[in-house]
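K.L.:
Below is the structure, and that's it, no one-letter string:
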Ligand SMILES: Cc1cc2nc3c(=O)[nH]c(=O)nc-3n(C[C@H](O)[C@H](O)[C@H](O)COP(=O)(O)OP(=O)(O)OC[C@H]3O[C@@H](n4cnc5c(N)ncnc54)[C@H](O)[C@@H]3O)c2cc1C
């Protein structure tokens with residue numbers, strides 16, 4: 001299937017030259033080459049189990065002649081004995097024809113799911129996998145190179161130009177490098193009370209507040225509560241990276257910064273979801289558009305969903321405080337190619353194009369914020385709110401995954417609830433830590449994002465029917481255009497589609513529909 005999706009193509013151009021050599025290599029390469037099919041198979045196991053099971057069954061059927069005949073029809077019939085071939089033995093063009101049919105036949109749901117998953121993963125692997133030199137054989141011929149992070153940053157403040165190596169060092173405990181003995185010492189060094197019973201299954205830690213997730217929600221909560229004098233522990237399953245660690249190389253960056261390495265899709269494979277899994281959560285890898293919640297949305301929440309808080313001035317003040325801490329600015333000194341195209345197109349059509357506020361400086365141009373901002377100019381929670389939290393004694397545990405909240409009978413029956421939460425149990429991403437961590441706290445906060453909070457609540461034994469329902473995604477449809485170089489002159493838009501601020505311009509079609517430009521690297525075009 002990989003080879004049919006990205007087949008090797010004949011090259012009829014025999015002109016000499018390095019560019020032609022690269023193009024020749026690109027055309028003759030196929031997604032059936034080398035380790036790509038194995039990589040696709042490995043990545044496929046990250047899909048939801050229903051999809052994985054479906055794929056296994058389909059692939060098993062296709063590995064037999066009878067099964068191939070059933071799923072591919074006459075396309076698998078050959079003129080040579082034994083006249084029917086297995087899918088893998090069919091000529092590439094016929095395999096391609098079969099895949100096209102599966103894609104178009106919406107009623108063949110299992111086949112379509114298999115097709116979509118293999119298609120996405122083949123492109124992902126083909127364009128994203130890198131060798132030891134962090135290079136991919138196709139990049140040169142498609143005109144891609146990893147953005148140069150050494151671009152002059154003349155408007156950086158002195159402090160940002162030579163940042164302290166790790167702003168969270170005074171409060172971070174990285175589980176991956178620890179064992180049972182060093183863990184306890186590290187926790188005590190950060191001012192946490194710990195306890196371990198030799199026969200027990202847990203190391204126990206005590207604090208005032210435990211927060212799951214270090215993203216936009218968790219980071220702000222940690223800063224505010226720590227500043228109010230509470231001993232806060234933030235539990236983060238991802239690892240801690242700083243701008244120095246970010247390479248802008250897509251495959252490896254997504255592997256360590258994104259939930260399931262970026263292969264996180266719905267069971268019918270129709271939608272891929274992205275979520276950050278690192279210190280800073282989504283704020284470490286998002287596109288830095290910092291748009292305030294529109295008033296019509298806050299009004300809808302307040303009046304239609306019974307959440308009056310969002311209609312009150314306090315919520316507007318909270319947004320002001322967040323924007324101030326993130327130094328959100330509406331200015332953009334230089335737009336990247338894509339945003340220039342969008343703005344130019346809007347102007348030509350007489351449509352309104354708005355500037356998009358960002359939590360970075362006006363001159364920020366790295367284009368790699370979705371892989372962790374290598375210039376350190378984007379202000380996620382990892383460089384703002386968590387720094388404030390740590391300055392007030394908060395502790396951030398990385399490589400530490402909350403498994404469940406601990407619910408106990410609410411003997412005082414305060415608030416009319418039958419149970420109360422007294423902390424959580426977490427596992428540590430280190431083979432040297434043999435026990436789970438039991439974090440006891442007066443207050444526990446679940447801030448692990450819209451996708452991961454519901455499973456955590458359910459694993460904790462909470463049964464409310466609404467948990468995990470009513471999820472609203474922010475669906476994005478991509479539209480592509482070919483922009484050949486035009487006549488040189490002031491009107492000519494130049495640049496690369498993967499350079500410059502990711503979103504600096506937008507056109508609002510309706511209240512609920514906007515046109516923006518996305519982050520683009522080879523692997524994001526799957
Ligand atoms: C690629 C991308 C681009 C985006 N661009 C923009 C943009 O330009 N503008 C904008 O406003 N929004 C953008 N967003 C959305 C925005 O980043 C999110 O809405 C925001 O980060 C959500 O905050 P949160 O605190 O709810 O969760 P997150 O920021 O996702 O944080 C959740 C954290 O919890 C951790 N976690 C999850 N489960 C556990 C567990 N069991 N134990 C321990 N830790 C756990 C995760 O590792 C993660 O770090 C983007 C999102 C993505 C993925």
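P.N.:
Looks like it came in fine. Everything quoted here is computed from the prediction, not taken from an experiment. Numbers count the residues shown, from 1 in each chain.
K.L.:
Please make it C-alpha for all contacts and neighbour counts, starting now.
P.N.:
OK.
K.L.:
Surely residue 211 is within a strand?
P.N.:
Yes: secondary structure of residue 211 (DSSP: H, G, I helix; E, B strand; the rest coil): part of a strand.
K.L.:
Who does it form a beta bridge with?
P.N.:
Counting by DSSP bridges, residue 211 forms beta bridges with residue 234, residue 445.
K.L.:
surely it meets residue 447?
P.N.:
Yes: contact status for residue 211 versus residue 447: in contact at 6.7 Å, counting by C-alpha atoms under 8 Å.
K.L.:
Which one's more surrounded, these two?
P.N.:
residue 211 (26 against 22; other C-alpha atoms under 10 Å).
K.L.:
what's the spacing between the more buried one and the ligand?
P.N.:
Residue 211 sits 9 Å away from the ligand, going by C-alpha to the nearest ligand atom, to the nearest Å.
K.L.:
thought residue 207 was touching residue 234?
P.N.:
No: using C-alpha under 8 Å, residue 207 makes no contact with residue 234, being 10.4 Å away.
K.L.:
ok so, going back, touching both of residue 211 and residue 447, which residues are there?
P.N.:
Residues touching both residue 211 and residue 447 by C-alpha atoms under 8 Å, 6 or more residues apart in numbering: residue 218.
K.L.:
Among residue 207 and residue 234, which residue is more densely surrounded?
P.N.:
Between residue 207 and residue 234, residue 234 has the larger neighbour count (other C-alpha under 10 Å), namely 29 against 21.
K.L.:
list the contacts for that one?
P.N.:
Residue 234 makes contact with 210, 211, 212, 213, 214, 218, 222, 394, 395, 396, 397 under the criterion C-alpha under 8 Å, 6+ apart.
K.L.:
Residue 280 now?
P.N.:
Here residue 280 is in contact with 214, 215, 216, 219, 380, 381, 382, 386 (C-alpha under 8 Å, 6+ apart).
K.L.:
Now with 10 Å, please.
P.N.:
Contacts for residue 280 (C-alpha atoms under 10 Å, 6 or more residues apart in numbering) come out as 213-219, 236, 238-241, 257, 372, 379-386.
K.L.:
Look up how far residue 169 lies from the residue in the stretch 51-200 of the chain that the ligand sits nearest to.
P.N.:
Per C-alpha to the nearest ligand atom, residue 175 is where the stretch 51-200 of the chain lies closest to the ligand, at 12.2 Å. Distance of residue 175 to residue 169, given as C-alpha to C-alpha, to the nearest Å: 13 Å.
K.L.:
neighbour count winner among the two?
P.N.:
Remark: of residue 175 and residue 169, residue 175 carries more neighbours, 24 against 15, as counted by other C-alpha under 10 Å.
K.L.:
Give me the pLDDT for the more buried one.
P.N.:
Residue 175 is assigned 96 on the pLDDT scale.
K.L.:
The residue of the stretch 51-200 of the chain closest to the ligand: what's it in contact with?
P.N.:
Residue 175 makes contacts with 182-183, 186, 237, 239, 397-400, 427-433, as judged by C-alpha under 10 Å, 6+ apart.
K.L.:
who touches both of residue 207 and residue 234?
P.N.:
Shared contacts of residue 207 and residue 234 (C-alpha under 10 Å, 6+ apart): 394, 395.
K.L.:
if we can go back for a sec, now intersect the contacts of residue 280 with the strands, please.
P.N.:
residue 236 (DSSP state E).
K.L.:
so where's the stretch 401-526 of the chain uncertain?
P.N.:
Scanning the stretch 401-526 of the chain for pLDDT under 70 picks out 413-414, 485, 524-526.
K.L.:
for the ligand, what are the nearby residues on it?
P.N.:
Within the stretch 401-526 of the chain, the positions adjacent to the ligand are 401, 402, 403, 447, 448, 449, 450, 452 by C-alpha under 6 Å from any ligand atom.
K.L.:
which non-adjacent residue is nearest the third one?
P.N.:
In space, and not counting its chain neighbours, residue 403 is closest to residue 426: 5.1 Å by C-alpha to C-alpha, 6 or more residues apart in numbering.
K.L.:
Could you verify my assumption that that neighbour touches residue 210?
P.N.:
No: Residue 426 is beyond contact range of residue 210, at 11.2 Å (criterion: C-alpha atoms under 10 Å).
K.L.:
Counting neighbours, go ahead and name the busier of these two.
P.N.:
residue 210 (28 against 24).
K.L.:
Tell me the secondary structure of the residue located most distally from the centre of the chain, please.
P.N.:
For the chain, the residue at maximal distance from the C-alpha centroid (C-alpha atoms, centre = their mean) is residue 81, at 49.5 Å. Using three-state DSSP, the structure places residue 81 in coil.
K.L.:
do residue 437 as well
P.N.:
Under three-state DSSP, residue 437 falls in the strand class.
K.L.:
Likewise for the one 4 residues further on?
P.N.:
When states are read from three-state DSSP, the local structure at residue 441 comes out as strand.
K.L.:
Show me the beta-bridge partners of it.
P.N.:
Taking DSSP bridges, one finds residue 207 as the beta-bridge partners of residue 441.
K.L.:
Would you check that it makes contact with residue 407?
P.N.:
No: using C-alpha under 10 Å as the test, residue 441 is too far from residue 407 to be in contact (11.6 Å).
K.L.:
which residues are common contacts for the two?
P.N.:
Shared contacts of residue 441 and residue 407, counting by C-alpha under 10 Å, 6+ apart, come down to 421, 422, 423, 424.
K.L.:
quick check, nearest of these to residue 334?
P.N.:
Residue 334 lies nearest to residue 424 out of the shared contacts of residue 441 and residue 407, by C-alpha to C-alpha, at 46.9 Å.
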